[in-house]
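[1] below is the structure, and that's it, no one-letter string:
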């Protein structure tokens, strides 16, 4: 079963088991994880599910689409090299992913 480790801007960590095929954003919303607003519900039309992926795990994820790349320029907190939109990160079998939410999404 996939697990996502959500760290908030203050350093608190919440570990959540998710379902294969769900997104990191859906998993956060379903489990009340703070720091993910998900205003558009995962339709890739906002940037309120911005996360920072642990750098050593970036290569394990699918490549970012051009649309996701474009949306990341609209984040409330400046994007970094490890920025992704959590709605675009789908959970896979045995995934063990660590993400940090920014200080604010809006």
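    Thanks, I have it. Model, not experiment: these values are computed from the prediction.
[2] the closest residue to residue 50 other than its chain neighbours - how many residues pack around it?
    Nearest non-adjacent residue to residue 50, counting by Cβ to Cβ, 6 or more residues apart in numbering: residue 75, 4.5 Å away. (C-beta placed from N, C-alpha, C; glycine too.) Neighbourhood size, residue 75 [other Cβ atoms under 10 Å]: 20.
[3] residue 73 too?
    10.
[4] pull the contacting residues for the residue nearest in space to the middle of the chain.
    Residue closest to the average C-alpha location in the chain (Cα atoms, centre = their mean): residue 86, at 2.7 Å. Applying Cβ atoms under 8 Å, 6 or more residues apart in numbering to residue 86 gives the contacts 23-25, 28, 36, 49-51, 99.
[5] and what of residue 105?
    Residue 105 neighbours (Cβ under 8 Å, 6+ apart): 35-37, 39, 47-50, 75-77.
[6] returning to that earlier point: quick check: pLDDT value at the residue nearest to the centre of the chain.
    With respect to pLDDT, residue 86 scores 98.
[7] phi and psi next, for it.
    Backbone torsions of residue 86, given as degrees, to the nearest 10, read phi -70, psi -20.
[8] swap in residue 95?
    Dihedral pair for residue 95: phi -60, psi 140, per degrees, to the nearest 10.
[9] measure it to residue 22 for me?
    As for residue 95, its distance to residue 22 is 11 Å (criterion: Cβ to Cβ, to the nearest Å).
[10] over to residue 64?
    Separation of residue 64 from residue 22 (Cβ to Cβ): 19 Å.
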